[in-house]
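Peer 1: structure for this input, please:
(one chain, ligands or ions: 2)
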Amino acid sequence: DRSIKIAPSILSADFANFGAECEAIEAQGADWVHVDVMDGHFVPNITFGPATCAAIRPHIKGVMDVHLMIAPVDPYIEAFAKAGADVITAHVEAGPHIHRTLQAIRGAGAKAGVALNPGTPASSIEHLLDMVDLVCVMTVNPGFGGQKFIHSQVDKVRQLRTMIGDRAIHIEIDGGVDPTTAPLVAAAGADVLVAGSAVFRGGSVSDPAPYGENIRAI
Ligand code: DX5
Ligand code: ZN
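Peer 2: Ligands and ions are numbered 1, 2, ... in the order given. Down below sits the predicted model:
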């Protein structure tokens, strides 16, 4: 079934309160928790690594969706799997051997995701479809929350939906998802919507009700 799942990105959460933030967004209706790992090399920002993922894992009941914006990726896959990631997504642009990386992710016992930057065509993953569980379409340039949705990516989502056919592969949208852009990508065939700023705005762990309102508005 293609019911839409909302995956709040904790990039927009209070970094001093990740455990409580994860519990709050799940209580407010989040389907997955999206965890953005950045290395200051593949993207121009740094967040956190596997130790933080392991620390927040007990505070998440559902799917921990780990988006790796790091290069190289392969040396760290085992560590993120051990930290309890359910889905590990690597970028097709992060190195010359995405096929090997995806094999390693499944080999480590996680679901395998592949992410595409805005400039990378849908065709770049045409020969990988039997080894992925999720395709993440970046609708902003990765690195920061709160950026503007790049509309040219909607057509890519449509192309991917056709390529994927009836395979059990999620199409995830990451960047600039809000109540205006969500319907566009859902209509194009996406089924997992990551949202950072649009979920966390106006709320906090001590006043989490806005998280729920924001999730339902998407
Ligand atoms: C961007 C991250 C996104 C980001 C989305 O590099 O991968 O997950 O946090 O944030 P918003 O929803 O604010 O665009
Ligand atoms: Zn992300």
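Peer 1: hey, let's count contacts and neighbours off CA atoms from now on
Peer 2: Fine.
Peer 1: hmm, who's touching the helix or strand harbouring residue 21?
Peer 2: Element membership for residue 21, per DSSP states H and E: helix 18-27. With contacts defined as Cα atoms under 8 Å, 6 or more residues apart in numbering, helix 18-27 is touched by 8, 10, 13-14, 32-33, 55-56, 59-61, 204-205, 208, 211-212.
Peer 1: now that helix: buried residues?
Peer 2: Buried residues in helix 18-27, counted by 16 or more other Cα atoms under 10 Å: 18, 19, 20, 21, 22, 23, 24, 25, 26.
Peer 1: tell me where this structure has helices.
Peer 2: In the chain, the helices defined using DSSP state H lie at 18-27, 50-56, 77-82, 98-107, 153-164, 182-188, 197-200, 209-217.
Peer 1: out of these, nearest to ligand 1?
Peer 2: Between ligand 1 and the helices of the chain, the shortest gap by Cα to the nearest ligand atom is with helix 197-200, which sits at 3.8 Å.
Peer 1: just give the closest residue to residue 82, not the sequence neighbours.
Peer 2: Of all residues not flanking residue 82 in the chain, residue 54 sits nearest, at 7.8 Å (Cα to Cα, 6 or more residues apart in numbering).
Peer 1: okay but that neighbour is in contact with residue 84, surely?
Peer 2: Yes. Between residue 54 and residue 84 a contact is recorded at 6.4 Å, counting by Cα atoms under 8 Å.
Peer 1: who has more neighbours, those two?
Peer 2: residue 84 (22 against 17; other Cα atoms under 10 Å).
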